[in-house]
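S.K.: Build the 3D model from these lines:
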Amino acid sequence: MQKSSKIPSNYKTAKKTMTVAEEAAVKYENMRVILGGNISARKSISGDFALIDLIRKGVKKSTLKSLASYLGITMETMSNLLHTSHRNIQRKGDDEYLDSLKSEKVLELAAFAHRGIDVIGSPDAFAQWLQSPLLSLGNKRPIDFLDTSFGIQMLTKILGRLEQGVFS
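M.R.: The predicted structure is shown next:
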């Protein structure tokens, strides 16, 4: 699949040769952008330990809106992916924190969105891919598998095959 050049200026990935540390820094910065920029008070995501701390502290409800936008879904669908009612999400203020289980799921979805945008080429194309039935999924849409960790792992494998040029 040919990559589109419609990647927003706030979502940049360097395509030059990078060290492992530089590559990780770009990944975490891109995840921060997907989650709406300022996902925790004055802290950026700098590594796996920071992600664990963020999960334990919780992510703000406002990050859900940004993530939903990158996934091309409504807040109601986002609620379903988090296994909670839409009303429970609506009750929270934008600055209120989600519990650790929901926060972990949000970060897992953000990491998946980061990977998907890199492989597919743009946030819009990725959102469209999520809504398109795939033969490898029994003509079901990828979005229908984002509610479980195993579903996300399966979709990540499909993205890997797409990146390698293997028909999926």
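S.K.: hmm, which helix or strand of this structure has the shakiest average pLDDT?
M.R.: helix 20-34 (a mean of 58; mean pLDDT, DSSP states H and E).
S.K.: Which helix or which strand is home to the one residue sitting closest to the centre of the chain?
M.R.: Nearest residue to the geometric centre of the chain (Cα atoms, centre = their mean): Ala110, 2.2 Å. Element membership of Ala110, judged by DSSP states H and E, is helix 100-120.
S.K.: where's that helix relative to the chain centroid, distance-wise?
M.R.: Its chain's C-alpha centre and that of helix 100-120 lie 3 Å apart, by Cα atoms, centre = their mean, to the nearest Å.
S.K.: pLDDT below threshold where in this structure?
M.R.: In the predicted model of the chain, residues 1-29, 37-46, 168 satisfy pLDDT under 70.
S.K.: where along it do the helices fall?
M.R.: Ranges of helices in the chain, per DSSP state H, are 20-34, 48-57, 62-71, 75-81, 86-91, 100-120, 123-131, 149-163.
S.K.: Could you check the angle the longest one makes with helix 48-57?
M.R.: Direction vectors for helix 100-120 and helix 48-57, defined by axes from the mean of the first three to the mean of the last three Cα atoms, to 10 degrees, enclose an angle of 140 degrees.
S.K.: can you give me the angle helix 100-120 makes with helix 149-163?
M.R.: Using the same axes, to 10 degrees: helix 100-120 against helix 149-163 is 10 degrees.
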